[in-house]
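Q: coordinates for the following, if possible.
(2 chains)
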Protein chains: 2
Amino acid sequence: MSPFSLALAVPALLAQAEPLPSWNDGAARQAIVAFVEKVTRPGSVDFVPVPERIAVFDNDGTLWAEQPLYFQALFALDRVRAMAPQHPEWKEQEPFASVLRGDTKAALAGGEKALLELVMATHAGLTTEEFERIVREWLTSAKHPTTGKPYPAMVYQPMLEVLAYLRANGFKTFLVSGGGIEFLRVFAERVYGVPPEQVVGSSIVTKYEASSGTPRLVRQPEMDFLDDKEGKPVAIQKHIGRRPVMAFGNSDGDFQMLEWTTSGSGPRFGLLVHHDDGEREWAYDRESHVGQLARGLDEAARRGWTVVSMKGDWKTVYPAR
Amino acid sequence: MSPFSLALAVPALLAQAEPLPSWNDGAARQAIVAFVEKVTRPGSVDFVPVPERIAVFDNDGTLWAEQPLYFQALFALDRVRAMAPQHPEWKEQEPFASVLRGDTKAALAGGEKALLELVMATHAGLTTEEFERIVREWLTSAKHPTTGKPYPAMVYQPMLEVLAYLRANGFKTFLVSGGGIEFLRVFAERVYGVPPEQVVGSSIVTKYEASSGTPRLVRQPEMDFLDDKEGKPVAIQKHIGRRPVMAFGNSDGDFQMLEWTTSGSGPRFGLLVHHDDGEREWAYDRESHVGQLARGLDEAARRGWTVVSMKGDWKTVYPAR
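A: Model prediction:
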């Protein structure tokens, strides 16, 4: 099975009578359904016209897993290994040397700076089309280090159902992720049903070159935009130009996105996925380096945000096939 | 009549049997219709699936007029006059002093730098919502200096028909303009039927501020992105993430957008509106400061781009009402 064929699970849902079948019938599921029903019921005081039905979703930890590291970081590490024969100097040069020795912890000891160096070395210097091809190959062949699954198989079935349910109710669904926009686009359409023009993410600078006669967009080793924390409302405004009605996240990197969404006038909905299922997935929140969730947990009740317990609210985590 | 009600002209077209009724039946109209028919006919070797039917449109000079200055520059000049009571220092300070004396030519003698100064003084330092309100008021009340029409009445009826025709054939229509993205969004949906999330333009830096308790996006006096020339393919990739199938422009600022669009594999379509109608509109091309078109005219034939003569191809320029 191609991991991309998971997307087939989505349209099938539309025919189902009961929405969100992988959700237990608890407060979280009820909150989602009650909200969608009230904003779509003609004549409802909370009715939202179709063009304004914008829902935004974080990706890492909200739509697919993010442990032990963001999957895009795992992609960068795999790329360093694949590119090593062309870079003999990496054997002596950190953080590459540690990656090649298999010591990820040491490689990332340099924090943001080390990670950025790895990302630039593996994500820049090629055209947008070459990058897309490389990511596509990785997504179809690479396996997650602990589950052994292809990465696109580690999407959350209950969230695929939310995406499909919202679209069936006239919502436009957008990704708003700290991950790379071009990385996300390679699978967002097939796996989530979200077309490239509805993907918002971090970006590096891209340059248009036509001097050779064949126009190309070349990825530069320079950050353009970091779509995280305060960056998320800014990116939402830039790409969507309209305040969303619903926002879904899982970490404090999503705090401002939920805050911006739910502080608009009229009906608004914010939801945080809480990773409390150490058996079926990973259990982490306040102390985690990846996907830290502290302020969100502290303020969710006061702000009226729904907190999803993966353990209690989800019948299943990953798609069955 | 509200100038915004012009948008009503668009849906009405969908019911019409003959597409593009305001176009004379010449080579340009035939090229548009033949292209749309071949890419939408099931089984055609040139068939393009619906998700890939992306069409991009420049705005100034392509969808609405742009003389004697880009309308957004006229907006900035009007704003300087409206804001002058709060800025007594402008009486002594260029380029503001010249604007207030009514000498636009002197005000803009400083070129890009002067224009940028006027734009920053009038477009920054306020929230996205305040800016939207101000632009909306201007669009409903201001009149063009020579035609006396409200600016939204100076859209091109034949191009409204192209937008509607493409959408009726499964295309997603995007604006890709050198104008300000937030400026365009105020009227794009009502006048062109293009929702905010399908508007791409130049931008200034926006900052998220939540410290006061009421989250706001505040426009900063700093350029973020200039969506012109080489910037257009870059912005298309960033916002749309897919190479368009059709591109419509009118000036050399659109050259790279058409080049990028039409150099993709498979069927591609590029079109330039040539302003050759000095009676009904303005006649200008190679020597014009606004909307200069030289390289495009030189290379259109070789590149297979359609050149529209406003004089010969269009039965009418502005909407009748």
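Q: C-alpha coordinates for whatever helix or strand A:A73 lives in, CSV please?
A: In this structure, A:A73 is located in helix A:71-83 according to DSSP states H and E. Extracted in CSV, the C-alpha atoms of helix A:71-83 (Å, rounded to 0.1, in the frame of the first residue of the first chain):
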residue,chain,number,x,y,z
PHE,A,71,9.3,14.5,11.2
GLN,A,72,10.9,17.2,9.0
ALA,A,73,13.9,17.1,11.3
LEU,A,74,14.1,13.4,10.8
PHE,A,75,13.9,14.0,7.1
ALA,A,76,16.8,16.4,7.4
LEU,A,77,18.9,13.8,9.3
ASP,A,78,18.1,11.2,6.6
ARG,A,79,19.1,13.7,4.0
VAL,A,80,22.5,14.4,5.7
ARG,A,81,23.2,10.6,5.5
ALA,A,82,22.1,10.4,1.9
MET,A,83,24.1,13.5,0.9
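Q: tell me the mean pLDDT for stretch A:276-288?
A: In this model, stretch A:276-288 carries a mean pLDDT of 97.
Q: what of stretch A:244-261?
A: The average pLDDT for stretch A:244-261 rounds to 98.
Q: next one: stretch A:159-170
A: Across stretch A:159-170, the average pLDDT comes to 98.
Q: same check on stretch A:128-140?
A: Computed over stretch A:128-140, the mean pLDDT rounds to 97.
Q: do it and chain B meet at all?
A: Yes. Using Cβ under 8 Å from any Cβ of the partner chain, we find that stretch A:128-140 touches chain B at A:T128. Just so you know, the C-beta spots here come from the backbone N, C-alpha and C atoms, and that holds for glycine as well.
Q: phi, psi of the residue nearest in space to the middle of chain A?
A: Among the residues of chain A, the one closest to the centroid is A:N59, at 1.3 Å (Cα atoms, centre = their mean). Dihedral angles of A:N59 (phi, psi; degrees, to the nearest 10) stand at phi -100, psi -70.
Q: not counting sequence-adjacent ones, nearest residue to it?
A: Sequence neighbours aside, A:S177 is the residue nearest to A:N59 in space, at 3.8 Å (criterion: Cβ to Cβ, 6 or more residues apart in numbering or on different chains).
Q: tell me the pLDDT at that neighbour?
A: With respect to pLDDT, A:S177 scores 97.
Q: tell me the residues of the stretch 151-300 of chain A that contact chain B?
A: A:172, A:174, A:181-182, A:185, A:189, A:195-199, A:203, A:206-208, A:210, A:214-215, A:217, A:230-231, A:233-234, A:237-242, A:256, A:259-260, A:263.
Q: rerun at 7 Å
A: Residues of the stretch 151-300 of chain A lying near chain B by Cβ under 7 Å from any Cβ of the partner chain: A:185, A:195-197, A:199, A:203, A:206, A:208, A:210, A:214-215, A:217, A:230, A:233-234, A:237-242, A:256, A:259-260, A:263.
Q: kindly report the same for the stretch 1-150 of chain A.
A: By the rule Cβ under 7 Å from any Cβ, the part of the stretch 1-150 of chain A lying against chain B is A:51, A:128.
Q: helix or strand for the residue nearest to A:N59, which one?
A: Assigned by DSSP H and E, A:S177 belongs to strand A:172-180.
Q: which elements pack onto that strand?
A: strand A:54-57, helix A:157-168, strand A:199-209, helix A:231-239 (3 or more Cβ pairs under 7 Å, 6 or more residues apart in numbering or on different chains; DSSP states H and E).
Q: okay, now the residue lying closest to A:A65 once chain neighbours are set aside: neighbour count?
A: Leaving aside its chain neighbours, A:A65 sits nearest to A:M154 (4.5 Å; criterion: Cβ to Cβ, 6+ apart). By other Cβ atoms under 10 Å in any protein chain shown, 21 other residues sit near A:M154.
Q: ok, so what distance separates A:M154 from A:G178?
A: 17 Å (Cβ to Cβ, to the nearest Å).
Q: before we move on, what about A:V39?
A: In this view, A:V39 and A:G178 are 28 Å apart by Cβ to Cβ.
Q: and A:R280, by the same measure?
A: Applying Cβ to Cβ, the value for A:R280 to A:G178 is 24 Å.
Q: also A:G125?
A: Computed as Cβ to Cβ, the A:G125 to A:G178 distance reads 22 Å.
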